[in-house]
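> Predicted coordinates and the sequence they were generated for:
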Amino acid sequence: MRMVFRWFGEGNDTVTLDHIRQIPGVEGIVWALHDVPAGEEWPMDKILAVKAAADKAGLHLDVVESVNIHEDIKLGLPTRDQYIENYKKTMEKLAQVGVKVICYNFMPIFDWLRTDMHKEMDDGSTALFYEHKKLADIEPLELVRRITENSALTMPGWEPERLQYLTGLFEAYKDVTEENMWEHARYFLQEIIPTAERLGIRMAIHPDDPPWPIFGLPKIITSQDNIRRYLNLYDSPYNSVTLCSGSLGANPNNDIIGMIHEFKDRIPFAHIRNVRIYDNGDFIETSHRSQDGSVDIAGVVEAYHDTGFEGYARPDHGRHLWGEQCRPGYGLYDRALGIMYLWGVWDSLQRRSKA
Ligand code: DNO
C-alpha cells in the first residue's frame, strides 16, 4: 500500500506540503489543476509548477484526481470529440511528469453530493452529512448555493464555470437514460484506453457518490455488478477503478470486501473512509475506525493486504476537528489520524503474515 494525500494546490488549500510530508508514510500528493475547466487541455507550465513544488517537498505526483470529463462526453454530443482530443493531450503531458494513475468520474453534472457540510456530531466535531429528506425538498440550484456559499475555496466538482449552466444541463440530461450513459462511457473508453496503454497511465473511474440517482439524473457506477460491467466495456488493466469504500459504502448492500477480492487486478488506487448509515438511509462520514461507522475499514484494509495490494491509497474525507478551518472533508487532522489507523492495521497484518 503506497500512501498518498490529496492536495488542492498552492493558495487553494489550508493544508500545505510541509504538513503533508510530516504525516508518517505519505510518499506523494494526489493533485489536479483545479482552475482549468473540464474539457480544456492542461497547460504544461502549470503542471511543471506543481511538479517543482512536490519535488521540493520530497513528494511524488503519480496520482491525479481528477481530469474531469466534459459534460458533452457524458451526454454523447457530437462536440465530444474535441474534448476527448484535449483529454488525450492532457494525458500526454501528465505522462511526461511521471503520472501513473488518473482518477475521474462519469457522474452527470455533479460530482459528490451532501446536504450538510458541517453536521455537528456528539463529540463537537463536524462532518459531511447526507439527508434524503433534505434532498427531496430542495431545488438543485438552491442546494448548490448552500454548498458553495460558505467556502472561499472552489469545491472539487463544484466549479462555478460548470454550475452556471445548471438549468441548461438539466434540460440536456432530460432524456438521457442509464443505457445511454453506458454507451457514452464505452465511446469514451474506446478512445482513451489505447492512449492510456501507450503512456502507461491507468485510468481509474471513481464510483458515483452517493451511489444512487439524484434529481432524476442517471447513475451507473454504483454497485459491484456495474463496476464489473464498466471494466468489461474495455478489457484492459488500464481501464480500472478507484475503489472508494465511502462512496460505495453508503449503500449497505454493497460488499466492499467482496469487490476488493473480485477486482484486485483492476484497483490501482484506493479511497479509504468510513460512513455511518442510519436506519432511514441517511449517512454521515465518521472517523476511519471500523467501530465508528458502518463500513468495516479494518476488514477493507485486510482485504487489500490479503490480495497483495501494491497500489496507491489515500484516506478519503475526514471530520473537522479541534476547530480546524478547512475545505469541507479535507482537513489535515482527521485524515492524518485516518492514515495512522490504516497503517496500524496494515503493519500488524504484515507482521503476522511474516511470522
Ligand atoms: C470527493 C472525491 C470525489 C472524486 C471525484 C473523482 O471528495 O472523492 O470528488 O475526486 O469524484 O473524479
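Great, that's in hand.
> Strands of this structure, residue ranges please.
2-6, 26-31, 60-65, 101-105, 116-120, 126-130, 202-206, 239-244, 269-272, 275-277, 283-285, 312-315 (DSSP state E).
> mean pLDDT lowest for which of those strands?
The minimum mean pLDDT among the strands of the chain belongs to strand 116-120 (a mean of 91).
> What pairs with that strand, parallel or antiparallel?
The pairing partners recorded for strand 116-120 under DSSP bridges are strand 126-130 (antiparallel).
> what about the partner strand, near the ligand?
No. Applying CB under 6 Å from any ligand atom, one finds strand 126-130 separated from the ligand by no less than 8.8 Å. Bear in mind the C-beta positions are built from the backbone N, C-alpha and C, glycine included.
> which regions of the stretch 151-300 of the chain lie under the pLDDT threshold?
In the predicted model of the stretch 151-300 of the chain, residues 151-163 satisfy pLDDT under 70.
> ok, now with 80
Residues of the stretch 151-300 of the chain meeting the criterion pLDDT under 80: 151-165.
> what ranges do the helices span in it?
160-163, 166-172, 178-199, 224-233, 245-249, 256-262, 297-306 (DSSP state H, counting those that start in this stretch).
> Correct me if wrong: K93 contacts L48.
No. Shown here, K93 and L48 do not form a contact pair, counting by CB atoms under 8 Å, at 9.3 Å.
> So for those two, which residue has more residues nearby?
Using other CB atoms under 10 Å as the criterion, K93 and L48 rank with K93 on top: 16 against 13.
> what residues are up against that one?
E41, W42, M44, I47 (CB atoms under 8 Å, 6 or more residues apart in numbering).
> mind running it again at 10 Å?
Shown in contact with K93 (CB atoms under 10 Å, 6 or more residues apart in numbering): E41, W42, P43, M44, K46, I47, L48, V99.
> Inside helices: which ones of those?
Among the contacts of K93, the members found in helices (DSSP state H) are M44, K46, I47, L48.
> nearest to Q82, of those?
Top of the list for closeness to Q82, among the ones in helices among the contacts of K93 and by CB to CB, is M44 at 19.4 Å.
> State the pLDDT value of the closest one.
Listed pLDDT for M44 reads 98.
> Give the burial count for it, as a bare number.
13.
> wait, doesn't it sit right on Q96?
Yes. Here M44 reaches Q96: they are 7.9 Å apart, a contact under CB atoms under 10 Å.
> which ones are touching the residue nearest the centre of the chain?
Centroid check for the chain by CA atoms, centre = their mean gives H206 as the closest residue, at 5.4 Å. Applying CB under 10 Å, 6+ apart, we find H206 in contact with 65-66, 103-107, 111-112, 221, 241-244, 247, 269, 271.
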